[in-house]
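Engineer: Starting from these lines, generate the structure:
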Amino acid sequence: MHRHSLDFWYDFASPYSYLTAMRIEALAAAADVDLRWRPFLLGPIFAAQGWTDSPLNLFPCKGRYLWRDLARQSARLGLALVRPAPFPQNSLTAARVALALRDAGKTALFSRRVFAASFGEGRAISEPEVLTSILRSLELDAGRVLAQAQSTEVKARLRAETEEARTRGLFGAPSFLTTDGELFWGNDRLEEAIAWAAGDRPGAML
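Structural biologist: Here you go, the predicted model:
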């Protein structure tokens, strides 16, 4: 039987991706939708739009509103929220590690731990010791995984993922792509994206 699937595209520096990462699996399982965790980098996509920083920093009024909104949404979900410093965090190595763990089926679990460390505890996810502690908590060989993450293959894989995100029209995170190519953006569109992936498609183009 054909199973429905949804691609979850996220950047570890994205606070709304944190909210999504901590709740998406239960919602997808309830809808019988398979998830593909797709880490990528927003930096190159923002740069192509002429932005040199997170829009939360570039537009102060928007940034103030979004951090307040994040506090409300986190409280509603029962999640801790700590604004990491500096913000945005450098998510490059974490994204490479997540991709290095894909074949072992550990990308989702690692990603949730990274988001919890960053936005739940305010830890610097660019620091090797933080990633090492996360990997060890998963009973993984941290040295081996971190070395693999620096391999030419994994670096190329992340570049390819980021380029695919760009060519498929992604402009922010979290984003969701269904198998029929429908794009949804934002944590507040998660339920709608899962419903669409499961076959509930009001407004579908004929």
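Engineer: From here on, just use CA atoms for contacts and neighbour counts.
Structural biologist: Fine.
Engineer: Skipping its backbone neighbours, what lies nearest residue 191 in space?
Structural biologist: Closest residue to residue 191 apart from its sequence neighbours, by C-alpha to C-alpha, 6 or more residues apart in numbering: residue 27 at 7.5 Å.
Engineer: for the helix or strand the one you found falls within, packing partners?
Structural biologist: Per DSSP states H and E: residue 27 is located in helix 24-30. Using 3 or more C-alpha pairs under 8 Å, 6 or more residues apart in numbering; DSSP states H and E, the elements in contact with helix 24-30 are strand 33-39, helix 190-197.
Engineer: out of those, which comes closest to residue 70?
Structural biologist: Closest of the helices and strands packed on helix 24-30 to residue 70 is helix 190-197, at 15.4 Å (criterion: C-alpha to C-alpha).
Engineer: Which positions within the closest one qualify as buried?
Structural biologist: Residues of helix 190-197 classed as buried: 190, 193-197 (neighbour count, 16 or more other C-alpha atoms under 10 Å).
Engineer: before we move on, the earlier item: just send the helices and strands packed on helix 24-30 back as CSV, with distance to residue 164 and mean pLDDT too.
Structural biologist: Below are those laid out as CSV (distance: least, C-alpha to C-alpha, whole Å; pLDDT from 0 to 100):
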stretch, distance to residue 164, mean pLDDT
strand 33-39, 10, 97
helix 190-197, 19, 97
